[in-house]
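>>> The following block contains a protein sequence and its predicted model.
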Amino acid sequence: MMTNLFSIFDPSTNIFNLSLNWMSTLIGLMIIPYSFWIIPNRQFILWNFILNKLHNEFKTLLGPNSFNGSTFIFISLFSFILFNNFLGLFPYIFTSTSHLTISLSMSLTLWLSFMIYGWIFNAQHMFTHMIPQGTPSILMPFMVLIETISNIIRPGTLAVRLTANMIAGHLLLTLLSSTGNNMSFFMLFILIFMQILLLVLESAVAIIQSYVIAILSTLYSSEVN
């Protein structure tokens, strides 16, 4: 019996006290071998087109001073989040991106990497970035404090943004589906139609959130160069 509405997000399936719901994160790996086909299918051609567009966009955001191949980090991040977001829309598949364990691990690792690299190899740029150009002298201490706080909370905002958007849609779908037992035949058709519309909306959210996380990570990376 479900004791709490949020317990639907708990990784409760286990064998020998090992949580198996986190295995859903690895299901996306089964989609990757399409790239090894001799004759690429339409799905691979479409996916390759999307990755090329993302590569060009990330390369523009990172600027000319970026390392060769650095865009592939953010393309991999986009692909990983997108696969897990979509897998969570299937019935009985655990949504790993709705947990801070996954989202905070990714955002915190990337943010720490950017900060360590920036402060070790480009400390002067990091100091000048704290004070926007044209700031009055009397406001400089406050601007340093504000920029420092906004920099520290970046991994948290990235993680919470992804987690909250994934939980909100799934929670709404669960709430609507739980009311179906007491509805009439006509209202049941309306409920199914609303659920289909919500699934379409959730599919769009899954794409948008993976794109937003990848873009913001790219922008944070470009600031340390």
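Looks like it came in fine.
>>> residues contacting the residue lying closest to F58 once chain neighbours are set aside?
Nearest residue to F58, sequence neighbours excluded (Cβ to Cβ, 6 or more residues apart in numbering): T71, at 4.1 Å. Every residue, glycine included, has its C-beta placed from N, CA and C. Applying Cβ atoms under 8 Å, 6 or more residues apart in numbering, one finds that T71 lies in contact with L54, H55, F58, K59, L62, T218.
>>> Out of these, which sit inside helices?
L54, H55, F58, K59, L62, T218 (DSSP state H).
>>> Now do the SS call for V224.
Three-state assignment for V224 (DSSP: H, G, I helix; E, B strand; the rest coil): coil.
>>> and it, backbone torsions?
The phi/psi pair for V224 (degrees, to the nearest 10) reads phi -90, psi 0.
>>> Now do N181 against L191, distance only.
Distance, N181 to L191, by Cβ to Cβ, to the nearest Å: 11 Å.
>>> Pick out whichever of those two has more residues nearby.
Shown here are N181 and L191; by other Cβ atoms under 10 Å, L191 has more neighbours (15 against 7).
>>> What is the neighbour count of the closest residue to that one other than its chain neighbours?
Nearest non-adjacent residue to L191, counting by Cβ to Cβ, 6+ apart: G180, 5.6 Å away. Using other Cβ under 10 Å as the criterion, G180 is surrounded by 12 other residues.
>>> any idea how far G180 is from T174?
11 Å.
>>> and if you look at F185?
22 Å.
>>> ranges for the helices of this structure?
42-62, 71-87, 100-121, 123-129, 140-152, 154-178, 185-222.
>>> Looking at those, which one is packed in the most?
Of all the helices of the chain, helix 71-87 carries the top mean neighbour count, a mean of 20, counting by mean count of other Cβ atoms under 10 Å.
>>> what does stretch 134-153 rub up against?
By Cβ under 8 Å, 6+ apart, stretch 134-153 touches M115, H129, M130, I131, P132.
>>> doesn't E223 make contact with the second one?
Which is H129. Yes. Checked against Cβ atoms under 8 Å, the pair H129 and E223 is within contact range at 6.2 Å.
>>> what residue ranges in this structure score low on pLDDT?
1-20, 28-40 (pLDDT under 70).
>>> Which residue would you name as the spatial centre of it?
S210 (4.2 Å; Cα atoms, centre = their mean).
>>> Isn't that one up against I75?
No. Using Cβ under 8 Å, S210 makes no contact with I75, being 10.8 Å away.
>>> ok, which pair from the contacts of T71 is furthest apart?
With distances taken as Cβ to Cβ, the most widely separated pair in these is L54 and L62, at 12.1 Å.
>>> Please report how far N122 lies from M23.
40 Å.
>>> where does T218 sit relative to Q124, distance-wise?
From T218 to Q124 the distance is 22 Å (Cβ to Cβ).
>>> What count of nearby residues applies to L139?
12.
>>> follow-up on the earlier one: okay if I get the helices of the chain as CSV plus distance to I27?
CSV is the format used below for those (distance: least, Cβ to Cβ, whole Å):
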stretch, distance to I27
helix 42-62, 16
helix 71-87, 6
helix 100-121, 14
helix 123-129, 39
helix 140-152, 34
helix 154-178, 16
helix 185-222, 15
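>>> do you know which of the ones you listed lies nearest F94?
Using Cβ to Cβ, the nearest of the helices of the chain to F94 is helix 71-87, at 8.4 Å.
>>> quick check, distance from the closest one to the centre of its chain.
8 Å (Cα atoms, centre = their mean, to the nearest Å).
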